[in-house]
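Asks: Here's my sequence, what's the structure:
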Amino acid sequence: MENVASLYKAFNNLDKQLDFELTVYEPGKIQYRVVISEKHLSSPGVGHGAVTAALMDAVLGTSALSAVYEEGNLVSTVEFKLNYFKPALLGDELIGTAEIEFKGKSLIATSGKIVKKHNGELVSKGMGTFNIYPMSKRGLKIEV
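Replies: Got it, this is the predicted structure:
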């Protein structure tokens with residue numbers, strides 16, 4: 001799974017800008033981590049909801065990607081839903097995880113959650129559906 005993690009880290013500039021850290025454990029099983037810093041705030045001490053949304057999109061999509069990558073496929077977002085439950089505060093370390101709910105020939109669905117590491121408090125939950133398509137459609141020839 002190191003191939004998909006290395007490739008994704010090399011191409012994904014948004015993760016770098018937002019200081020997201022990705023770990024891929026196995027196909028479909030990933031974890032994202034971010035510590036809410038000053039650059040993530042929308043008001044004093046409170047992380048912007050867009051940071052949580054970006055983290056959830058990354059969690060859901062990368063889980064789907066890791067599940068199809070070794071088959072020579074990529075994914076694109078069809079839709080994703082996000083519920084916010086608690087704010088992410090300055091200094092909070094957020095952990096995002098996801099699991100595969102459904103995998104067909106052309107679609108894959110994932111569900112995920114983001115929690116505060118220090119107390120396990122649920123920040124948000126999400127669900128996403130992704131189109132599965134061959135890497136060759138993007139002109140990519142990547143060894144898997």
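Asks: what sits against the nearest residue to Phe20 once chain neighbours are set aside?
Replies: Among residues not flanking Phe20 along the chain, Val34 sits closest, at 5.1 Å (C-beta to C-beta, 6 or more residues apart in numbering). (Glycine included, C-beta is placed from N, CA and C.) Going by C-beta atoms under 8 Å, 6 or more residues apart in numbering, Val34 touches 18-21, 40, 51, 55, 93-94.
Asks: Narrow these to just the buried residues.
Replies: With burial judged by 16 or more other C-beta atoms under 10 Å, the buried subset of these is 18, 20, 40, 51, 55, 94.
Asks: which residues touch Asp15?
Replies: By C-beta under 8 Å, 6+ apart, Asp15 lies in contact with 8-9, 22, 58.
Asks: Can you list the residue ranges for strands in the protein?
Replies: Ranges of strands within the chain are 21-26, 29-35, 41-43, 46-47, 73-84, 93-103, 107-116, 122-134, based on DSSP state E.
Asks: Tabulate those (CSV), appending mean pLDDT and distance to Leu65.
Replies: Formatted as CSV, these follow (pLDDT from 0 to 100; distance: least, C-beta to C-beta, whole Å):
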stretch, mean pLDDT, distance to Leu65
strand 21-26, 93, 9
strand 29-35, 96, 9
strand 41-43, 95, 28
strand 46-47, 97, 25
strand 73-84, 96, 5
strand 93-103, 97, 11
strand 107-116, 98, 9
strand 122-134, 97, 8
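Asks: Mind putting those strands into JSON lines with distance to Leu14?
Replies: Listed next are the strands of the chain as JSON lines, based on distance: least, C-beta to C-beta, whole Å:
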{"stretch": "strand 21-26", "distance to Leu14": "12"}
{"stretch": "strand 29-35", "distance to Leu14": "12"}
{"stretch": "strand 41-43", "distance to Leu14": "17"}
{"stretch": "strand 46-47", "distance to Leu14": "16"}
{"stretch": "strand 73-84", "distance to Leu14": "13"}
{"stretch": "strand 93-103", "distance to Leu14": "14"}
{"stretch": "strand 107-116", "distance to Leu14": "16"}
{"stretch": "strand 122-134", "distance to Leu14": "16"}
